[in-house]
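Asks: could you work out the structure for the sequence below:
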Amino acid sequence: MPGNPETGAASNDNPWHGRKVIVAVTGGIACYKVPTIVSRLAQGGAEVRVLMTPAATRFVTPLTFQSLSGHAVLTDPWRDDVEHPESPHIGLARWCDLFIVAPATADIMARLAAGLCQDIVSLTASALPRTTPVLLAPAMNEQMWENPITQRNVETVRSVLGYNLVGPAEGWQACRMRGAGRMSEPDEILSAASGI
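Replies: Predicted coordinates:
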């Protein structure tokens, strides 16, 4: 049985039924994997809202995510959101019970670690209640991943903010090299998300 339809509670067989999930998409080539994540969440019975940074919209269009989630995609913190008229980032932060950032670029991890609020993703993340689980799926070139500043930011989002990370994996990268920094596959991300 997929879950309790009266309470919206997830069951052991279907961890997504009744969940309220934000998928925050940032600008990296790994964006092409994220529609699969959104589709599987929606098929599993989750209510999914997608946020995109301007850079993410250069890799995958908002229309793709709107079609898969059934909801308008937010790309601009200044745009009116009829579902959350108080402020899009505040309303969405209160609404969700899981926040997934995929791909989590070096840039967005730096913004989150520093508390910067420069786009709809970082703005909404900063407004999340401390009890809302956050999962980051890092994706970047191996040298960017191993950069001491990036590693410091990873430690900050883990230890100070309490965020969870899945990956990165090793493999072929857009820079035409193999190494650590490749975003985990959708199944791995969903498996990690279901456990937090």
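Asks: and Ala113, how many neighbours does it have?
Replies: Residues lying near Ala113 (other Cβ atoms under 10 Å) number 20. Using the backbone N, CA and C atoms, a C-beta is placed for each residue, glycine as well.
Asks: go on, Asp97?
Replies: 16.
Asks: for the protein, which segments count as helices?
Replies: Listed in chain order, the helices of the chain (DSSP state H) span 34-43, 62-69, 88-95, 106-114, 120-126, 142-146, 148-159, 186-194.
Asks: for the last one, the distance to its chain's centre please.
Replies: Spelled out, that is helix 186-194. 11 Å (Cα atoms, centre = their mean, to the nearest Å).
Asks: need the residues that contact it.
Replies: For helix 186-194, the external contacting residues (Cβ atoms under 8 Å, 6 or more residues apart in numbering) are 15-16, 21, 33-34, 36-37, 40-41, 98, 100, 102, 135, 137, 164, 166-167, 169, 183-184.
Asks: again, only using 7 Å
Replies: Pro15, Lys33, Thr36, Ile37, Arg40, Leu98, Ile100, Ala102, Leu135, Ala137, Asn164, Val166 (Cβ atoms under 7 Å, 6 or more residues apart in numbering).
Asks: buried subset of those residues, written for ChimeraX?
Replies: In ChimeraX, this line selects whichever of those come out buried by 16 or more other Cβ atoms under 10 Å:
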select :15,33,37,40,98,100,102,135,137,164,166
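Asks: so the residue nearest the centre of the chain versus Asp76, what's the distance?
Replies: Nearest to the geometric centre of the chain sits Val101, at 2.1 Å (Cα atoms, centre = their mean). Counting by Cβ to Cβ, to the nearest Å, the gap from Val101 to Asp76 is 18 Å.
Asks: quick check: bridge partners of the residue nearest to the centre of the chain?
Replies: Bridge pairing for Val101 (DSSP bridges) gives the partners Ala24, Leu136.
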